[in-house]
Every structure is written in C-alpha cells, then in structure tokens.
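Asks: Fold the following for me, if possible:
(one chain, ligands or ions: 1)
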Amino acid sequence: MNDFYNKDIISIKDYTRDQFETIFDYTEKIINLDPASRREICKGKTLSYLFYEPSTRTRLSFEAAISSIGGNSLGISDISSSSTQKGESLADTVKIMSIYSDVLVLRHPLDGSSRFAAEVSSKPVINAGSGTEEHPTQAIQDLFTIKKEKKKIDGLKIGIVGDLKYGRTVYSLLSGLSNYDVDVHLISPESLRIRTDSIYEIKKKISFTESTDIEEYIDDLDVIYVTRIQKERFPDEEEYLKVKGSYVIGLDLLQKMKEDSIILHPLPRLDEIANDVDKTKHAKYFQQAEYGKHTRAALLGLTLNENGF
Ligand code: NCD
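Replies: This next block holds a predicted model:
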C-alpha cells in the first residue's frame, strides 16, 4: 500500500523528505504520461471542494488536476449560496460532501479547520489553506518548482519576502524546506515578522536570518519567494496601510540578482512584483502555478489508488 492511500493531507509537517521525493517522482510521471493513460489514474472518482475563502488557482488547479486524471469534481466555492447561510455547521456540510465524493478539499479561515473536518469526514480531507497556519499542497508545489527549476534543493539560498506573519504558504514552505540543507533569509516589515512560536521546531533544523532590507542578501539568493500582504487578515485597515507596498520586485532589483536566480510567488500577486518582471527569465511564478496542477494530480492519484499508479 502506498503511504498516501486514503490519508488526509492536513499539514506539511506530517511528511518526510523521502515522501516528498515520492510525490515529485509521481509528479514527473504525470507530466510524462500521454493524456489517455493519465485519464485512467482516477477514472470515475469524484473530488468535492468546499471553499470558505476566495480562491482562483487552488480550486481550479484541483479541478484541473482531477479532470486530467479522469475524475470529476463538484463543490461549493461561494459559501453565501450554500446551506451555511441557513446555519448548517461545518461538520454537517463536510459529512454531506464526503458522502457525495471520494476526497474532499477544504479551505477555511480558521486554524485547525482541516484537522477538524478530517475527524468528521468519511473520506480523506485535503487542506487547501487553513487560517494563517498551513497550505500543504502549495508547499509541495513550491518545493517541486524549486527542484525542477534549480535541479536541486540542498545547498540553495532562499529568500522569503513579504507578509511572513499572516502568509500561511510561508509556514508550510518553511516546514518543507526544513527537510533539506538550505539557508533561509526572511525579509519582511518589522510588524510582519515570522511568528516565532510557529517556527520553533523548524528553527532547530535550518539556519535563518531575518531582515527588513531586501537589498541586503539579494545578490546571494538562488530563489526569491515573494508573498502578498494578507490584507484580509489584518485586525485593522490602518495597520495594513502602513505596510502596503513595502516591497516591490522590479527590473532595477533584478539587476542585482544572480544570473540564474528564480522568483516564485504563490499568487495572487498585487503590486509586489512589477508586471514587466514577468517576461524575464527569473520569473517562474506562472510555471509554478502549472506545476501546481501536476503535483495535485499526483497527490490525488496517490490518495485514491492503493498501490499508486
Ligand atoms: C495563497 C493562499 O491562499 O494562502 N494563495 C494560493 O493558494 N495560491 C496565497 C495568498 O492568498 O496570498
């Protein structure tokens, strides 16, 4: 039986480096398969999704992923049109969705929401973003992109820029990276520094620096992972306005970067990467979004097939 069969995907902390490598191998397999064979992998399986927060890529990439491997999807992306508006509990909605499908993908604004859903669901639950805590499938996509574009993860110098306080993708990525031998530079406004309690364990495994100045390490980085300031998670708008636009990666900054460095972003982007950066060789964020479909297809294929595919 493969390690992922019939299991929830809740936290990136639950995985080992070997398991990441297995997912990467299966992702490569998906990329290289012809479309007809790919559609056999989850033929007739149904994925359901339940999104209590806005999403474009994550939901669509799950839909595109299941369809690329022969399955189908149904779900709720606008909670205002669901029975939640009538007062139905998360537990009941999850129970119903798990009756109608083989795997359930959940995004919810509260930390712990996916873990809770997994307890009441009769089918595996995949966390597609829980509060400010985790976004494990994004981290798998991010790690795969780094490996694919840089041909390795060990030995890299990785800068993570932006909203390190509220950005859940950052916490999942850092947990994932802690399985590799990397140097991490965290760059954020003072008020958006990483939450130290959340990286207590990670800190024991990789070396960090923290800075407010993006120029300090820019010429030394192999990967720059840029994040959006998470406006919706600020307790008050005033505080958001103070940090809005803190960092903008533009062509001027690119001049200072290593020739072969890459820029990643989980997207959506606001103004933190200038549009004219998109056409440069450093910009890999759209490629990263494409890999997201394949890594999710690999995860679904492993979750739904006892012996892999
Ligand atoms: C991220 C998220 O939802 O945390 N989006 C995504 O899934 N790619 C990042 C963000 O919203 O800034």
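
Asks: quick one: is the helix or strand where residue 118 lies near the ligand?
Replies: Here residue 118 sits within helix 113-120, counting by DSSP states H and E. No: judged by C-beta under 6 Å from any ligand atom, helix 113-120 stays clear of the ligand, getting no closer than 13.0 Å. All C-beta spots, glycine's among them, are computed from the backbone N, C-alpha and C.

Asks: how about the residues of the stretch 51-200 of the chain near the ligand?
Replies: 57-58, 129, 135, 138, 168-169.

Asks: would TSV of those with neighbour count and secondary structure be doable?
Replies: Listed next are these as TSV, based on neighbours: other C-beta atoms under 10 Å; DSSP: H, G, I helix; E, B strand; the rest coil:
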residue	neighbour count	secondary structure
57	17	helix
58	25	helix
129	27	strand
135	26	coil
138	28	helix
168	24	helix
169	25	helix
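
Asks: now the residues you listed in TSV, with pLDDT and distance to residue 238?
Replies: Formatted as TSV, those follow (pLDDT from 0 to 100; distance: C-beta to C-beta, whole Å):
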residue	pLDDT	distance to residue 238
57	87	30
58	92	30
129	97	26
135	98	27
138	98	29
168	97	23
169	98	25
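
Asks: for the helix holding residue 118, packing partners?
Replies: Judged by 3 or more C-beta pairs under 8 Å, 6 or more residues apart in numbering; DSSP states H and E, helix 113-120 is in contact with helix 90-99, strand 103-108, strand 125-130.

Asks: now it, how far from the centre of its chain.
Replies: 19 Å (C-alpha atoms, centre = their mean, to the nearest Å).

Asks: Quick one: low-confidence residue ranges for the protein.
Replies: Residues of the chain meeting the criterion pLDDT under 70: none.

Asks: quick one on the thing from earlier: tell me the two of the residues of the stretch 51-200 of the chain next to the ligand that are most distant?
Replies: For those, the maximum inter-member distance is 14.2 Å, found between 57 and 168 (C-beta to C-beta).
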